[in-house]
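>>> this one's sequence-less:
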């Protein structure tokens, strides 16, 4: 079975998602929807699929099995619910929604309709992160104590002045929506539910949105973590997890350095890079076909949205905020 999907949103990231599955026998992009036809028409023409501005027309089309949403974050919940009502399978790029209530409504709509809902946390597919999950499961870490995480890029001049990605209503917390949310999801996956957060966020270089955001986490297990995400510095990615028997550091997305109590030097594993977008979209197609469950559960997506909402509230108030 090849899933016939429509891409909804054809900015830089929507085009990246389309390109990632060219030649795939699991999922094929057969139509596109965008608000700015003139900017994406050449891209769609070159790849041989029709382009329009009417999302409802795609939902009514029986030749389309699924939608891939690469749209502004504030639109996700309503678009997911409309797709579910139309019986379409749904892939939604992260962040899923910007608050817990809308995330709950969207997940409930998909479950009621019996359709697959996949949220695009593509770092779940990094072989290095999967190795960390196995090390936790086999007891290598002992008791998980703390994580340190940083995901940063230079966004200066990266987007057009009218890009929705520079709109504070679409990107509260600066780099959280595009970057930090990945590591929040990784923490939920590896460390369990988050109990409370304490955040600060400010703009020192960018005028449109915050460029310097940091968060402290307390997990229900008693573990803790800190996350930094910057939008005005060279690209940087790091995740370091500490346990009572070992600690492990991801230096970039593919290099993993493991140190056990008795070690004098770390064991280094260099994982070959993979196409994360192809991996997540083909995993979505596998879930649609019933071959395997998508790794991000609805409960994880809801909890991630609740954590995000709490972070934004904490940054606004300067106070710790519990995660609902």
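Okay, I see it. For clarity, every value in this text was computed on a predicted model and none was experimentally measured.
>>> alpha carbons only for contacts and neighbour counts from here, please
OK.
>>> Could you check how far residue 177 is from residue 65?
Distance, residue 177 to residue 65, using C-alpha to C-alpha, to the nearest Å: 28 Å.
>>> Sorry, slip of the keys, the one I care about is residue 145.
If you go by C-alpha to C-alpha, the gap between residue 145 and residue 65 works out to 44 Å.
>>> same check, this time on residue 52
Using C-alpha to C-alpha, one obtains 17 Å as the distance from residue 52 to residue 65.
>>> more crowded one of those two?
With neighbours defined as other C-alpha atoms under 10 Å, residue 52 and residue 65 compare such that residue 65 has more, 20 against 17.
>>> In this structure the more buried one contacts residue 4, no?
Yes - with contact defined as C-alpha atoms under 8 Å, residue 65 reaches residue 4; the gap is 5.2 Å.
>>> Checking my notes, residue 247 in a strand, right?
Yes - counting by DSSP: H, G, I helix; E, B strand; the rest coil, residue 247 is found in a strand.
>>> Correct me if wrong: it contacts residue 141.
Yes - in this structure, residue 247 is within contact of residue 141 by C-alpha under 8 Å, at 6.7 Å.
>>> And for residue 118, the neighbour number?
Quick note: residue 118 (other C-alpha under 10 Å) scores 29 neighbours.
>>> swap in the one 5 residues further on?
The number of residues packed near residue 123 is 19, by other C-alpha under 10 Å.
>>> So it lies in a helix, does it not?
Yes - Residue 123 forms part of a helix when assessed by three-state DSSP.
>>> can you pull the pLDDT of it?
As summarised for this prediction, residue 123 has a pLDDT of 93.
>>> domains for the chain, by residue range?
Residue ranges for the domains of the chain, per automatic domain parsing: 3-120, 123-279+302-322.
>>> Out of those domains, which gets nearest to residue 296?
Nearest of these to residue 296, taken as C-alpha to C-alpha: domain 3-120 at 6.6 Å.
>>> which other residues reach stretch 90-104?
Applying C-alpha atoms under 8 Å, 6 or more residues apart in numbering, the external contacts of stretch 90-104 come out as 66-71, 73-74, 76-77, 80, 83-84, 115-121, 177-178, 181, 281, 284, 301-303, 305-306, 308-309.
>>> check contacts around the most centrally placed residue in the chain.
With distances taken as C-alpha atoms, centre = their mean, the chain has residue 121 as the residue nearest its mean C-alpha position (3.2 Å). Under the criterion of C-alpha under 8 Å, 6+ apart, the neighbours of residue 121 are 93-94, 182, 185, 280, 296.
>>> mind redoing it with 7 Å?
Neighbour list for residue 121: 94, 182 [criterion: C-alpha atoms under 7 Å, 6 or more residues apart in numbering].
>>> where's it relative to residue 297, distance?
Between residue 121 and residue 297 the distance, using C-alpha to C-alpha, works out to 11 Å.
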